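J.: Structure for this input, please:
(4 chains)
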Protein chains: 4
Amino acid sequence: MRIGMVGLGRMGGNMAERLRRGGHEVIGYDRDPRVSDVGSLAELVDRLQPPRTVWVMVPSGEPTRAVVAELAELLSPGDLVVDGGNSHYADDRGHAERLGAKGIGFVDVGVSGGVWGLHQGYALMVGGTEEDVRRLMPIFETLKPEGEDGFVHAGGHGAGHFAKMVHNGIEYGMMQALAEGWELLEASDLVTDVAGCFRSWRSGTVIRSWLLDLLVRALEEDEELSRLRGYAEDSGEGRWAVQAAVEHAVPLPVITAALYARFASRQPDSPAMKVVAALRNQFGGHAVTS
Amino acid sequence: MRIGMVGLGRMGGNMAERLRRGGHEVIGYDRDPRVSDVGSLAELVDRLQPPRTVWVMVPSGEPTRAVVAELAELLSPGDLVVDGGNSHYADDRGHAERLGAKGIGFVDVGVSGGVWGLHQGYALMVGGTEEDVRRLMPIFETLKPEGEDGFVHAGGHGAGHFAKMVHNGIEYGMMQALAEGWELLEASDLVTDVAGCFRSWRSGTVIRSWLLDLLVRALEEDEELSRLRGYAEDSGEGRWAVQAAVEHAVPLPVITAALYARFASRQPDSPAMKVVAALRNQFGGHAVTS
Amino acid sequence: MRIGMVGLGRMGGNMAERLRRGGHEVIGYDRDPRVSDVGSLAELVDRLQPPRTVWVMVPSGEPTRAVVAELAELLSPGDLVVDGGNSHYADDRGHAERLGAKGIGFVDVGVSGGVWGLHQGYALMVGGTEEDVRRLMPIFETLKPEGEDGFVHAGGHGAGHFAKMVHNGIEYGMMQALAEGWELLEASDLVTDVAGCFRSWRSGTVIRSWLLDLLVRALEEDEELSRLRGYAEDSGEGRWAVQAAVEHAVPLPVITAALYARFASRQPDSPAMKVVAALRNQFGGHAVTS
Amino acid sequence: MRIGMVGLGRMGGNMAERLRRGGHEVIGYDRDPRVSDVGSLAELVDRLQPPRTVWVMVPSGEPTRAVVAELAELLSPGDLVVDGGNSHYADDRGHAERLGAKGIGFVDVGVSGGVWGLHQGYALMVGGTEEDVRRLMPIFETLKPEGEDGFVHAGGHGAGHFAKMVHNGIEYGMMQALAEGWELLEASDLVTDVAGCFRSWRSGTVIRSWLLDLLVRALEEDEELSRLRGYAEDSGEGRWAVQAAVEHAVPLPVITAALYARFASRQPDSPAMKVVAALRNQFGGHAVTS
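T.: Below is the predicted model of the structure:
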C-alpha cells in the first residue's frame, strides 16, 4: 500500500522504516526538512492517490489536533486518517466527527513498542469502523509482531487509545511492583545476591515477564543502579487512566500509587511533608530539619 | 499520693511537674543526676512506702524492658508498676506476667499530650485490671485534662498502648490529609490566599480540628513553610498500627499511605524509582536523569 | 440587603432562613411552587431592584449552568450572580465570562455546613473580584459563623469552589483515618471499650476534632454501628480533587485512598478481585469461591 | 541422590515425583498413610544413609517447627535439613541454630511453581552456606526448570525465604495491576472487545508476561469471569513482605494496596465504611443504606 506518514520522529520514523521493509510505499512528512520527503502536508496529500491513507504520528494534544484540522481541509471524501500518537481517547470522537463531516474516515491506534518495535513489531490497539479497519489491515499486518497476537480491533472511535491507556496503566503498576521488590531486597542484609534473584526469576516463577527481562538487562549493566537517579516522567496515559477511573468510580489503588510515586520522584522537596514536619513541630516540639 | 517517676525527660519531667502541682508527692529518678532526686532505682524504691507505685517513662523497647526487669527485683508484692512510655502492646503482656509472678501489679498507659500536656493535661489510655486502675485514679485525675474526657480504661494489659497506637495511626492519616490539601492548594494558581483558607476553616467546616489549629499557627509563623524541609520521622506507633492491621487482615490504606509518605520523605533518592527509571530507559530509550 | 435565592432545597432553604433571621429580605424561587415565593426566574428578577443580587443554590452541572444562562438573559448590567452550589471550579470561569460580557458580576462560593449551618453558620470560601465580594459582605457576614473565622476570599473566579473542593478532599481523608482506626480497634480483642476510646479522645489528644465529636455521637446511638451498611456515596468534590491533583502532578495518596474506599463500598462484588481470583486459580489451583 | 521428603501434599508430592523422574531415590513421609512410604519420621531417617538429606515440605509455622524439632532429635551430625515450605524468614535462623548445635546443616528454599512445577520445573531461591548448597545441587538441578535461570543462591540462612517473600509481593502487585486494568476496560463502553485486548497484549507490548497469559486462559474459559466471586485469600508472604518493609522503613505502596484489596475482598461488609456512612449521616443528613 501507499501511505503518508506525518511525523518522522523516533516512533514515526521507525514505523515508516518497518512499513518500507514490508513492501509498502511510505511518503513521509516532518517539520524537519532533513528527514521529510515532502515540503508540506499539502504536498504529501498531492503525492498520494485517492483514496488516500495518512498516518499521523505527532505529539498528542495541540500538535495532533492541528494536523488533523489541516488534513480535514486537504483530504477528499473517501480518504482515511489514522492517529497513531498517544492521544487522549476523548479527542478521537472530535476528530472522527470533524473528518466524518467531510466524508473522511478516521481510525485511532494505540501503539506499543518503543525502541524495540522496528525489529520485533508494534502492538496495535485499534478503534474505528469495521470498514476502515479492514482497509488498513495490510498496514497493520506489517507493523504488528509476527504471530496471532499484537493486534486488536478494540471497538469504535477512541477504543484504540482507551485500550492503550489502560495498557500503560497496567505497565505502571507492574513496573512499580518490580521496583518495590528490588528496594526491599536491597534494604535487607539477608539477601546478598539481589541481581541474581531477579535473573533467576526469569524461569519457573509467577512474575516472569518482559519487564523482568529488561530489569535483568539493566542490572547487568549497573548492578546497583548507581548511575541513575530515582526520577521518572509520566507520559500522560497513566494520568488519563486514573482520571478515567475516577470518572467511572473504579478504584485503581495500585495504578494510582505507581503514578503518584512518579510524581513524588520529581519533587526536590515534598510540600505535603513540610506540613507534616510543621505539625510535628507544633504539637510535639519535634526537631525539624531545615 | 506518693509516686516514683522513672525517666525525667521532656515527657516524664513535665508529668512529674503536673503531678506535684496537683498535690502529689513525686520522687523522680533519672540517669542524669542533675535532674534526679535519688541516685538509683533501689534508692527510689527505698524512698517509697509499700504499697508503692512506680511510673516508668523511659524510651520504649530495651530501656523500658530493663527498668521493668530491675523493678521486678526491687519491688514487693502489692506494689504497682505503670508503663507510660510508647511501648509496643505486645511487651505489656510479658511485663504483666513477669511482675505478676512476684505479686506486683502492672498497668500500661498510652499518653498523648506532647509539649501541651503540662498545662492542658494528658490524654490517658489505660490497660490493666479494674483493681489496679482504681488505685491509680488519683494520679490519672491529676494528669488528665479537665472535663469528662481524656481518660479511658480501654481493657486489660496492653489495651492502653494498643489504643494509643491506633490514636497515632489516625493522627498520621489526618495530618497527611491536611498536608495533601495544602500541597494541592499551593500547586494551583486559582487560590491566592492559601493560608487564609486554612484560617477560615477553623469555624463552620467539617474539618475543624486541633491539627488544623496547629497548622494555622505554623502558617502564621512561616506562610510558605519555607524554613522547613519536607522530612518527617515516625515514632513507632504508626508502624505498629500497620503491622497489627496486616496481622488482623484489616485494610488500612490511608494510615499506611501516611506512614509511607514519611518513609519516602527521608530518602535522599528513591531506590524503587531508580528501577522505574532503568526500565523506562530499557524499553523506551527514555532519557534518564543521572 | 434584598437578595434573590434560586433553589430552596435543604441547603438553599436553610440559608434563606438564616438570612431572614439576620434581617435580610430574601425572595426565593424554586421549581416546587409550594416553597417558592415567585412563579418564575423572570418574576424573581422583577421583584428585585437594580443593582440586583441573585444567589444560585441548585445542583451543580447542568441545573446550575441552565439557571446562570437564564439569568444572563434576565439580569441587567451591574447585577450580581452568586453560585453557592457544589460546582466544579472550571465552570466558574465560563459563568464569569458569560455574565461579564453583559456587565453582570459573578462570585463563586463554596459553602460548608450541612444540616448544622442554619444554627451554627456556614463556612464560606469565596472567589471573585474585590469589588463584587465587598458588595456581598453583608450577606456573607450573616451566613458565616460568629467569630473571625469561617470566611475567606480565596482568590479570583473559581477560587471559592476550588478551596471547597480541597476542603472536602481533606474531609474524606480525615473521615477514612477515623474509620480505619475504629476498624482496627474492633478487630483486636485487646481493647474492650472501643466507644470509650473515641469518647476519651475528645480531650487532650492530637486527633480531637469535630469529626471525632460526630463519631462519638454516632457511637452513642449505635455502639457497634450495626444499623448501618458500609456504603458511602461521594459528592463529586472528592473526585475533582483527585483529578485536579493528577493534572497538577501532585501526589494525593491519602485523599485518593479515601475516595477509592468509597467506590469499593458501592460494589456488590469487585471486578478486579475476580481477576485476582481467576489468576490464583490458574497458577496455583487455589480453590475459588463462586 | 537419595533424599527423604516430609510432606507429600500437592507441592511435596509433585516435587517427589519430579525428583524420581530425574533419577533420584525419594523416600516420602506423610501423616496420611495412604501416600506415605514409611510409618514415621524415625523410620524415614532409618531408611536413609548418613550423610542424610531430608526435605521438609509441610505447612509453615507450627507444623514446620515441629518437624524440624523432631528431626533435630533423630538426625546425626553431617546430615542436612531443607525447609522448602513457605516459612517466614525469621524462623530460618532459629532452625539453623537448633540444627547447627547438633552438627546438622540447614538450607531454606523458597519454591515457586504451583501446579505447573511438575512439568515446567520449580523456581528455587536458596539460603544457606556454600557447602550445604553445593551438596544439594543435584537435587536443585532436577527440580529447577531447564536453562540457566530458575535458581539462585540468594544468601545465608533465611535468604531463600526472604527472596521468595519478595517474589510473592511483586506477584501481588502485578496481579492487581492486571486486575485493575480489566475492571477499567469493563467499566467503559468504549472498548467492546476486552478479552481481545488482553489476548493481543501477549505480543509486542510492555506488559507481556506469564500472568497475562494465564489471564487470557481464564478469560477464554469464562469471558466475563461470571463464574467467580471477587474473593481472594492471601498466603502469608504478602503480609510478611509488608511487615518487613515497615520494619525497614521501605515504602511499598503498590504491594500493600494489592494486599489490602485482598483483605477487603473477604469482608462481607466494611467496618471502616460503616464509620464513613455514620459520619456522613451525622454532618450532612445524608441518607444511609442500612
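
J.: Next, see if the helix or strand where residue A:124 lies gets close to chain B.
T.: In this assignment (DSSP states H and E), residue A:124 forms part of strand A:123-127. No - using CB under 8 Å from any CB of the partner chain, strand A:123-127 stays clear of chain B, coming no nearer than 12.0 Å. Bear in mind the C-beta positions are built from the backbone N, C-alpha and C, glycine included.

J.: for stretch A:48-66, same thing?
T.: No - applying CB under 8 Å from any CB, one finds stretch A:48-66 separated from chain B by no less than 14.7 Å.

J.: ok, the closest residue to residue A:182 other than its chain neighbours - contacts?
T.: Sequence neighbours aside, residue B:275 is the residue nearest to residue A:182 in space, at 4.9 Å (criterion: CB to CB, 6 or more residues apart in numbering or on different chains). Residue B:275 is in contact with A:175, A:178-179, A:182-183, A:215, A:218, A:225, counting by CB atoms under 8 Å, 6 or more residues apart in numbering or on different chains.

J.: likewise residue A:127?
T.: A:89, A:92, A:107-109, A:153-163, D:190.

J.: So which of these sit within helices?
T.: A:89, A:92, A:159-163 (DSSP state H).

J.: and which of the residues you listed is nearest residue B:124?
T.: Taking CB to CB as the measure, residue B:124 sits nearest to residue A:162 out of these, at 55.4 Å.

J.: Pull the number of nearby residues for the closest one.
T.: Residue A:162 has 30 neighbours, counted by other CB atoms under 10 Å in any protein chain shown.

J.: correct me, but it touches residue A:91?
T.: No - counting by CB atoms under 8 Å, residue A:162 does not reach residue A:91; the two are 11.3 Å apart.

J.: what residues are shared contacts of these two?
T.: With CB under 8 Å, 6+ apart, residue A:162 and residue A:91 have no common neighbours.

J.: how far is the strand holding residue A:124 from where the chain is centred?
T.: Its chain's C-alpha centre and that of strand A:123-127 lie 11 Å apart, by CA atoms, centre = their mean, to the nearest Å.

J.: likewise stretch A:155-173?
T.: Centroid displacement of stretch A:155-173 relative to its chain, using CA atoms, centre = their mean, is 9 Å.

J.: Need the CA coordinates for that stretch. PDB is fine.
T.: Taking C-alpha atoms only, stretch A:155-173 is exported to PDB below (Å, rounded to 0.1, in the frame of the first residue of the first chain):
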ATOM      1  CA  GLY A 155     -14.100  -1.000  19.400                       C
ATOM      2  CA  GLY A 156     -15.300   2.200  17.800                       C
ATOM      3  CA  HIS A 157     -13.600   5.600  17.700                       C
ATOM      4  CA  GLY A 158     -11.500   6.100  20.800                       C
ATOM      5  CA  ALA A 159     -11.300   2.400  21.800                       C
ATOM      6  CA  GLY A 160      -7.800   2.100  20.500                       C
ATOM      7  CA  HIS A 161      -6.400   4.900  22.600                       C
ATOM      8  CA  PHE A 162      -8.500   3.800  25.600                       C
ATOM      9  CA  ALA A 163      -7.100   0.300  25.400                       C
ATOM     10  CA  LYS A 164      -3.500   1.700  25.100                       C
ATOM     11  CA  MET A 165      -4.100   4.000  28.100                       C
ATOM     12  CA  VAL A 166      -5.200   1.000  30.200                       C
ATOM     13  CA  HIS A 167      -2.200  -1.000  28.900                       C
ATOM     14  CA  ASN A 168       0.100   1.800  30.100                       C
ATOM     15  CA  GLY A 169      -1.700   2.000  33.500                       C
ATOM     16  CA  ILE A 170      -1.100  -1.800  33.900                       C
ATOM     17  CA  GLU A 171       2.500  -1.200  32.900                       C
ATOM     18  CA  TYR A 172       3.000   1.500  35.600                       C
ATOM     19  CA  GLY A 173       1.700  -0.900  38.200                       C
END
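
J.: wait, does that stretch contact chain D?
T.: Yes - judged by CB under 8 Å from any CB, stretch A:155-173 comes into contact with chain D at A:155-156, A:158-159, A:162-163, A:166-173.

J.: can you check stretch A:202-222 too?
T.: Yes - remark: stretch A:202-222 sits within contact range of chain D at A:202-212, by CB under 8 Å from any CB.

J.: got the CA coordinates for that stretch in CSV?
T.: The C-alpha coordinates for stretch A:202-222 follow below in CSV (Å, rounded to 0.1, in the frame of the first residue of the first chain):
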residue,chain,number,x,y,z
ARG,A,202,13.1,-15.3,34.6
SER,A,203,12.2,-19.0,34.7
GLY,A,204,9.6,-21.0,36.6
THR,A,205,8.2,-18.1,38.6
VAL,A,206,4.8,-16.4,38.6
ILE,A,207,6.4,-13.0,37.8
ARG,A,208,8.3,-13.9,34.7
SER,A,209,7.7,-11.2,32.2
TRP,A,210,9.3,-8.9,29.6
LEU,A,211,9.7,-6.2,32.2
LEU,A,212,11.6,-8.6,34.4
ASP,A,213,13.9,-9.4,31.4
LEU,A,214,14.5,-5.7,30.9
LEU,A,215,15.3,-5.2,34.6
VAL,A,216,17.8,-8.0,34.5
ARG,A,217,19.5,-6.3,31.5
ALA,A,218,19.6,-3.1,33.4
LEU,A,219,21.1,-4.7,36.5
GLU,A,220,23.7,-6.4,34.3
GLU,A,221,24.8,-3.0,33.1
ASP,A,222,24.7,-1.4,36.5
